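Novice: model the structure of this input:
(one chain, ligands or ions: 1)
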Amino acid sequence: MTLSMKNVSKVYKEGDSQIIALDQVSMEVASGEFVAIIGPSGSGKSTFLSIAGALLKPSQGEVKIDNKDISKIKDKELSNLRLQEIGFILQTSNLMPYLNVLDNLLLLKKMSGKVTKQDIAFAKELLKELGLGSKFEKFPNELSGGERQRVAIARSFMNDSSLILADEPTASLDTNRANEVVSLISKEVKARGKAAIMVTHDERMLAYCDRVYRMEDGKLTLQ
Ligand SMILES: Nc1ncnc2c1ncn2[C@@H]1O[C@H](COP(=O)(O)OP(=O)(O)OP(=O)(O)O)[C@@H](O)[C@H]1O
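Specialist: Prediction:
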């Protein structure tokens, strides 16, 4: 997979004034690449990830996934593309509190039709890979913060999406847990040929990444 963003700008209108959240940013990420974006609060990083994940439309510029211009795709096809190709990892893991760990992983499958034996086997395999082999039946409130984040990561790997977008996945984790989480993303990128973009404030996590970009006032530069 290749994500290509060219001269992408995003302007938010607030009454009479405008906020230029992104100012002509370009980036290309391909399978097997793990890139990071750092930068101060309010510089445009989340806006960038939302556009990369086809959740938000740019005001200007071009976003292509595998050479397909996503502004030219119909809404239905775009939501399928999002479901199949893109895995989001968010700061707050947003697990369903009343579902156990295994069912949290299977939730999207349940919502989109039926759950197969293979789905269950894949979910269990992912959980084992992430060191959660003994936690299938636990509920989110019975897990530590780091464990919850790993469940959320396993869930984002469930659809075997080719693009992983992570918005501060290590916020609120201690150094060991943070290393664990980021090395899991890195492993998934390298072993399964995925592409990943991670927004982070944590400079220690940059060692796992192939490239580091800096966002400042909506402008993106390679470090
Ligand atoms: N929906 C919105 N409407 C209006 N302005 C917005 C909206 N979303 C973001 N902004 C503004 O756009 C700019 C970029 O915001 P963004 O959330 O992308 O930054 P960020 O780098 O992710 O910040 P943080 O590190 O604090 O999460 C900020 O000035 C923000 O206030």
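Novice: quick check: residue 58 vs the ligand, distance?
Specialist: Noted for residue 58: a distance of 12 Å to the ligand, by C-beta to the nearest ligand atom, to the nearest Å. Where C-beta positions appear, they are placed from N, C-alpha and C, glycine not excepted.
Novice: in the sheet, which residues pair with the residue nearest to that residue when sequence neighbours are not counted? Tell me.
Specialist: Leaving aside its sequence neighbours, residue 58 sits nearest to residue 8 (C-beta to C-beta, 6 or more residues apart in numbering; 4.6 Å). With DSSP bridges applied, residue 8 shows beta-bridge pairing to residue 25.
Novice: isn't residue 8 right up against residue 56?
Specialist: No. Taking C-beta atoms under 8 Å as the contact criterion, residue 8 and residue 56 are not neighbours in contact, 10.5 Å apart.
Novice: looking at the two, which is more packed in?
Specialist: When neighbours are counted by other C-beta atoms under 10 Å, residue 8 comes out ahead of the other of residue 8 and residue 56, with 22 against 16.
Novice: quick check: the more buried one vs residue 75, distance?
Specialist: Distance, residue 8 to residue 75, using C-beta to C-beta, to the nearest Å: 20 Å.
Novice: and the chain, which residues reach the ligand?
Specialist: Contact residues, the chain versus the ligand (C-beta under 6 Å from any ligand atom): 12, 14, 19, 21, 39, 41, 42, 43, 44, 45, 46, 47.
Novice: make JSON lines from those and add neighbour count to it.
Specialist: Converted to JSON lines, the residues of the chain next to the ligand look like this (neighbours: other C-beta atoms under 10 Å):
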{"residue": "12", "neighbour count": "12"}
{"residue": "14", "neighbour count": "7"}
{"residue": "19", "neighbour count": "13"}
{"residue": "21", "neighbour count": "23"}
{"residue": "39", "neighbour count": "21"}
{"residue": "41", "neighbour count": "7"}
{"residue": "42", "neighbour count": "13"}
{"residue": "43", "neighbour count": "20"}
{"residue": "44", "neighbour count": "25"}
{"residue": "45", "neighbour count": "26"}
{"residue": "46", "neighbour count": "19"}
{"residue": "47", "neighbour count": "21"}
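Novice: tell me the one of these nearest residue 112?
Specialist: residue 46 (26.2 Å; C-beta to C-beta).
Novice: in what helix or strand does that closest one lie?
Specialist: Secondary structure assigned from DSSP states H and E places residue 46 in helix 45-52.
Novice: buried residues in the next helix or strand after that helix?
Specialist: Beyond helix 45-52 on the C-terminal side, the first helix or strand identified by DSSP H and E is strand 60-65. Along strand 60-65, the positions that meet the burial threshold by neighbour count (16 or more other C-beta atoms under 10 Å) are 61, 63, 64, 65.
Novice: brilliant, that's me finished.
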